[in-house]
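# Here is the input, now give the coordinates:
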Amino acid sequence: MSANKARGTKWETAVVNFFRSTLHSTIKAYRPAQTGFQDVGDIHLAEDFVLQCKDWEKWSKADLWKFVDAANLQAIHAGKPWGVAVVKRRKAPGSPGSVETATVAMDLGTFAEIVTDLTEGREALQRLEDLDL
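Now for the predicted structure:
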């Protein structure tokens, strides 16, 4: 295995373990098996998200856009609604390289869909609570 592949696998595993930690243990996260010719992403999260994980020492805005585009395409391949890029932040203040400091990026359309779904879900829960079942 190449050094870059090993570093990428280590980063993906760290992200999965972050979501499997006690704090986030209710969130299902796993590394899917890659089958066929279409990449289905590095991590599937909470039934709806495909994460494209990147551990690059140096990257540009153009690279970030490519990461987001790849995440969106992988989400389509996987049949999931949302693609998200997760980029390791190597020189973060406080705890450099820790998973919590990673940059998470998505396009505004994806973000708007997530916010809409969350808002509608909250409103539906409120209506159920108002019924006082």
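# What are the boundaries of the helices in the chain?
3-20, 61-78, 108-131 (DSSP state H).
# nearest to residue 38, of these?
Residue 38 lies closest to helix 61-78 among these, at 4.1 Å (CB to CB). Placement of C-beta: from N, CA and C, glycine included.
# Would you mind listing the buried residues in that closest one?
Across helix 61-78, burial judged by 16 or more other CB atoms under 10 Å covers 64, 67, 68, 70, 71, 72, 73, 74, 75, 77, 78.
# The fifth one: what's it in contact with?
Each residue near residue 71 by CB atoms under 8 Å, 6 or more residues apart in numbering is listed here: 41, 50, 51, 52, 83, 84, 85, 106.
# Let me have the residues you listed in JSON lines, adding pLDDT and distance to residue 10 as columns.
Below are these laid out as JSON lines (pLDDT from 0 to 100; distance: CB to CB, whole Å):
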{"residue": "41", "pLDDT": "95", "distance to residue 10": "17"}
{"residue": "50", "pLDDT": "97", "distance to residue 10": "20"}
{"residue": "51", "pLDDT": "97", "distance to residue 10": "15"}
{"residue": "52", "pLDDT": "97", "distance to residue 10": "16"}
{"residue": "83", "pLDDT": "97", "distance to residue 10": "22"}
{"residue": "84", "pLDDT": "97", "distance to residue 10": "19"}
{"residue": "85", "pLDDT": "97", "distance to residue 10": "18"}
{"residue": "106", "pLDDT": "97", "distance to residue 10": "23"}
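# What does residue 46 show for phi and psi?
phi 50, psi 40 (degrees, to the nearest 10).
# How about it: what's its closest non-neighbour residue?
Spatially, and ignoring its direct neighbours in sequence, residue 46 is nearest to residue 27 (5.2 Å; CB to CB, 6 or more residues apart in numbering).
# Surely that neighbour and residue 45 touch.
Yes: using CB atoms under 8 Å, residue 27 is in contact with residue 45, at 6.6 Å.
# Which neighbours do these two have in common?
residue 19.
# Bridging across strands, which residues link to the residue positioned nearest the centre of the chain?
Nearest to the geometric centre of the chain sits residue 51, at 3.4 Å (CA atoms, centre = their mean). For residue 51, the beta-bridge partners under DSSP bridges are residue 43, residue 84.
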